[in-house]
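Enquirer: any chance you could fold what I've pasted below:
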Amino acid sequence: MVFLYCRYFMEQACSKLLFSLCNCRRTLWCCYSTKIHFLCTGFASNTGYNSGIAILTYRYSFLANYLTAITLYGIMKRYFSIILLLLLITSCSNTKQYEKLNTPDSLPAYQLIKDWPHLPQDYNLGNPTGIGLDSAQHIFVFHRAGRTWPLIAPMPGSLIPDNTILEIDKDSGKIINSWGSGLFIMPHGLTVDRNDNVWVTDVGLHQVFKFSHEGKLLMKLGEAKIAGNDKTHFNRPTDVAVAADGSFYVSDGYNNSRIIKFSSTGQYLFEWGKRGNAPGEFNIPHNLDLDDKGNVYVADRENSRVQAFDANGKFIKEWKKEGSGKIYSVVIDNNHRQLITIDYRSTVMVPEGSDVLIFDSTGTTVAQFGRTGLYDGPVCRYHDVAIDKDGNIYTVDILDNKIQKFKKMIH
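Expert: Numbers count the residues shown, from 1 in each chain. Down below sits the predicted model:
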């Protein structure tokens, strides 16, 4: 019965995938409604293939130029038994590996706070993509309301009519304030600076915004709906990090592989980076943070690492843990000299989920929880992470559109 149900489920999902792909260079689509994830990646720049779809398991890729969904559907039906067997084998082997990663007796404990936050019952929380804290330790969340990222079609052209920025009390979990209606197409990154200004990026508008704490627009960079790769244009910018002197960095982003520094007034200063996997190169610089010395930390997503640079863009070091997934976000805990990241992994059909990983300054893992264990919650795809002054960790999950709080337990 389980076998037949899985087959029916797969066939129904595959029958809906009508697309053709060419010159793919990164993850193209994830089918959230069925919770079936196909990660399609082209390796044109690294392998010499001009185009293709890569259907990924944990370690293996199978490339086929101009493969259509109809062909994919036929293959799935014909070789269903073999695919299902491979998935089971892969899942079992990954589970064994995860068991070896955990040493519960030596790791700090973090407890997932159930039933937090306390949003109104009818509140429409869309994909929450950015999270940060102000000086009062209120949680700010950037979300997409009813908007979803299109799988194949171009970005929507209309602005989201609902409020997209939430201010939440970190203890009660109740909404304090909300704003941001009629301003954005596709919300992405959020940062709250030391003066409580709120910075966000919109990958649909190709713009960066600075707002006051209450939502008054203070600065806007980039030209609406016009992508570019110069001093005044972005191509799907992902995040902002603000220095103590007010200057700021923008990770740009999905289609450009660079970090740009601007003055406090928004004047272009310099940039660094290009597409690749060497030090100082990026494959989707997805998130940024700064330490108290002004060093810049970049979540280099598709390269599954964090890179650190000085304020002038000189490479310092990288953090990369074997067995981790794509690194979506990074936040620096200056109080404890620690670096917190979140990753995400999936097999051909099933999302394996995310981990929260905490490193010390030497790169040693001091805590890890999530899909690999020490976690009692749903499978998640974390998109951003934040930490409060007490060491509690907050994540936003775009798989089930949830905000999570992990309380640090005192030993």
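Enquirer: the helices in this protein, which residues?
Expert: Defined through DSSP state H, the helices belonging to the chain, from first to last, are 2-15, 44-47, 69-78, 80-101.
Enquirer: pretty sure residue 219 contacts residue 209?
Expert: Yes - using Cβ atoms under 8 Å, residue 219 is in contact with residue 209, at 7.1 Å. (C-beta placed from N, C-alpha, C; glycine too.)
Enquirer: these two: which is more packed in?
Expert: With neighbours defined as other Cβ atoms under 10 Å, residue 219 and residue 209 compare such that residue 209 has more, 20 against 15.
Enquirer: ok, the more buried one - contacts?
Expert: If a contact means Cβ atoms under 8 Å, 6 or more residues apart in numbering, then residue 209 has 183, 199, 200, 201, 202, 217, 219, 220, 221 as its contacts.
Enquirer: where does this structure dip in pLDDT?
Expert: For the chain, the stretches flagged by pLDDT under 70 are 1-108, 411.
Enquirer: tell me the domain ranges of it?
Expert: Residue ranges for the structural domains of the chain, counted by automatic domain parsing, are given in the record as 2-100, 106-408.
Enquirer: return the most buried member of the ones you listed.
Expert: Mean neighbour count, computed with mean count of other Cβ atoms under 10 Å, is highest for domain 106-408 among the domains of the chain, reaching a mean of 19.
Enquirer: can you pull up the bridge partners for residue 326?
Expert: Counting by DSSP bridges, residue 326 forms beta bridges with residue 344.
Enquirer: same deal with residue 259?
Expert: As assigned using DSSP bridges, the partners bridged with residue 259 are residue 251, residue 272.
Enquirer: pretty sure it sits against residue 274.
Expert: No - in terms of Cβ under 8 Å, residue 259 does not count as a neighbour of residue 274; the distance is 10.7 Å.
Enquirer: what's the overlap in contacts for these two?
Expert: With contacts taken as Cβ under 8 Å, 6+ apart, residue 259 and residue 274 have residue 282 as neighbours in common.
Enquirer: now residue 221. Nearest residue, chain neighbours left out?
Expert: With Cβ to Cβ, 6 or more residues apart in numbering as the measure, residue 208 is the residue that lies nearest to residue 221, at 4.4 Å, once sequence neighbours are left out.
Enquirer: residues in contact with that neighbour?
Expert: Contacts of residue 208 were listed using Cβ under 8 Å, 6+ apart, and they are 199, 200, 201, 202, 220, 221, 222, 234, 237, 240, 250.
Enquirer: cool, and residue 330?
Expert: 287, 288, 289, 297, 298, 299, 306, 339, 340, 341, 385.
Enquirer: how far away is it from residue 173?
Expert: Distance from residue 330 to residue 173, counting by Cβ to Cβ, to the nearest Å: 25 Å.
Enquirer: next: residue 312.
Expert: Residue 312 sits at a distance of 41 Å from residue 173 (criterion: Cβ to Cβ).
Enquirer: what's the distance between stretch 128-141 and the middle of its chain?
Expert: Taking the mean of its C-alpha atoms, stretch 128-141 sits 16 Å from the chain's own mean (Cα atoms, centre = their mean, to the nearest Å).
Enquirer: please apply the same query to stretch 249-259.
Expert: The chain centre lies 14 Å from the centre of stretch 249-259; the measure is Cα atoms, centre = their mean.
Enquirer: what does that stretch contact?
Expert: 26, 189, 201, 203, 208, 221, 227, 229, 234-243, 260-262, 271-276, 281-288, 290, 296, 298, 309, 313.
Enquirer: what's the end-to-end length of that stretch?
Expert: Across its full length, stretch 249-259 reaches 7 Å end to end, with Cα to Cα, to the nearest Å as the criterion.
Enquirer: swap in stretch 151-162?
Expert: Span of stretch 151-162 from end to end, Cα to Cα: 22 Å.
Enquirer: re earlier: ok, what's across the strand from the residue nearest to residue 221?
Expert: The residues listed as beta-bridge partners of residue 208 by DSSP bridges are residue 201, residue 221.
Enquirer: now it: how far from residue 263?
Expert: If you go by Cβ to Cβ, the gap between residue 208 and residue 263 works out to 14 Å.
Enquirer: residue 311 now?
Expert: Using Cβ to Cβ, residue 311 is found at 13 Å from residue 263.
Enquirer: what's the answer for residue 248, then?
Expert: Relative to residue 263, residue 248 is positioned 8 Å away (Cβ to Cβ).
Enquirer: pretty sure residue 192 sits against residue 198.
Expert: Yes - counting by Cβ under 8 Å, residue 192 does reach residue 198; the two are 5.6 Å apart.
Enquirer: okay, and the common contacts of those two?
Expert: With contacts defined as Cβ under 8 Å, 6+ apart, the residues adjacent to both residue 192 and residue 198 are 132, 140.
Enquirer: of the contacts of stretch 249-259, which belong to strands?
Expert: Of these, the ones assigned to strands by DSSP state E are 189, 201, 208, 221, 237-242, 260-262, 271-272, 285-288, 290, 296, 298, 309.
Enquirer: contacting residues for residue 233?
Expert: The contact partners of residue 233, by Cβ under 8 Å, 6+ apart, come to 206, 222, 223, 226, 227.
Enquirer: all strands for the stretch 301-411 of the chain, in order.
Expert: With DSSP state E, counting those that start in this stretch as the definition, the stretch 301-411 of the chain shows strands at residue ranges 305-309, 315-319, 326-333, 338-346, 351-360, 365-370, 382-387, 393-397, 402-408.
Enquirer: distance between the first one and the chain's centre?
Expert: Looking back up the chat, that one is strand 305-309. Between the centre of strand 305-309 and the centre of its chain there are 16 Å (Cα atoms, centre = their mean).
Enquirer: list the contacts of it.
Expert: Strand 305-309 is contacted from outside by 259, 272, 279-280, 282, 295-300, 315-320, 327, 330, 339, 341, using Cβ under 8 Å, 6+ apart.
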